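> whatever this is, show me its structure:
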Amino acid sequence: MLQEFALPATVTTNAHIAERYPELIEDVLRAGHEIAAESLTMDTLHYGGMDASVEIEYIDKSLKILRAFSEVNGWLSPAKSQSAQTLELLVQHNVRYCLDWAHDELPTTMHTPSGELLAIPHSVELSDRQIFSEYKHSEASYVQQIKDAFDQLYCESATYGGRLLTLPLSGFVSGLPYRIGALREALGYILKHPGVWPATGSAILQAWPPASA
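The predicted model follows:
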């Protein structure tokens with residue numbers, strides 16, 4: 001469906017998935033999508049007070065495995081959890097943007113002693129898993145929430161400049177046969193508006209900050 005709309009996606013993946021099923025990563029890249037690292041597994045959590053050597057090992061191994069397939073600029077921590085040193089360690093490993101922060105509709109430059117990286121907003125409220133699995137909302141409600149969020153941000157962009165609408169998707173949630181139509185409707189609604197730019201994390205990174213900033 002993403003190919004149907006010519007939509008490039010940022011696909012977050014655990015490094016061990018890439019090791020076990022390299023053909024999946026190759027398919028993702030062939031389709032024109034981007035890979036972002038999501039640590040080794042969903043069990044390799046980052047947390048306050050963890051041993052720095054353990055966290056370095058998680059980051060180092062993850063990036064080495066995934067960068068054997070493609071350039072990797074982005075990072076999403078399992079459960080979006082971080083230690084106090086996560087951002088600095090990511091900068092030291094040449095990670096240029098992070099998806100752990102569910103904040104407003106614009107990227108934010110994060111400063112560490114080792115340099116900067118961009119925090120790109122990664123929505124929780126519009127996640128298909130959140131809406132369907134946690135809130136138990138209907139497919140029609142999911143579509144309406146996306147449309148309402150888009151309409152508000154699209155209106156604001158006319159006065160304040162571009163805004164980000166991030167739509168976290170899980171294939172096993174919105175990709176189900178009885179839900180894929182809802183996602184198709186929502187994306188079709190967004191893309192019919194002039195000036196909409198479908199972008200990966202790396203594309204946003206390259207475009208930020210805007211020339212007018």
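
> what segments of the protein are helices?
Ranges of helices within the chain are 15-20, 22-30, 52-66, 86-92, 128, 139-160, 171-174, 180-191, 201-207, based on DSSP state H.

> turn these into TSV, columns for distance to Asp100.
All C-beta spots, glycine's among them, are computed from the backbone N, C-alpha and C. What follows is the helices of the chain, written out as TSV (distance: least, Cβ to Cβ, whole Å):
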stretch	distance to Asp100
helix 15-20	17
helix 22-30	21
helix 52-66	13
helix 86-92	8
helix 128	19
helix 139-160	21
helix 171-174	20
helix 180-191	24
helix 201-207	12
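
> measure Gln206 to Thr200 for me?
Gln206 sits 10 Å away from Thr200, going by Cβ to Cβ, to the nearest Å.

> on that earlier part again, mind putting the helices of the chain into CSV with mean neighbour count, mean pLDDT and distance to Pro107?
Formatted as CSV, the helices of the chain follow (neighbours: other Cβ atoms under 10 Å; pLDDT from 0 to 100; distance: least, Cβ to Cβ, whole Å):
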stretch, mean neighbour count, mean pLDDT, distance to Pro107
helix 15-20, 17, 97, 25
helix 22-30, 13, 97, 23
helix 52-66, 17, 97, 21
helix 86-92, 21, 98, 14
helix 128, 22, 97, 22
helix 139-160, 15, 97, 14
helix 171-174, 15, 95, 25
helix 180-191, 17, 98, 19
helix 201-207, 17, 96, 6
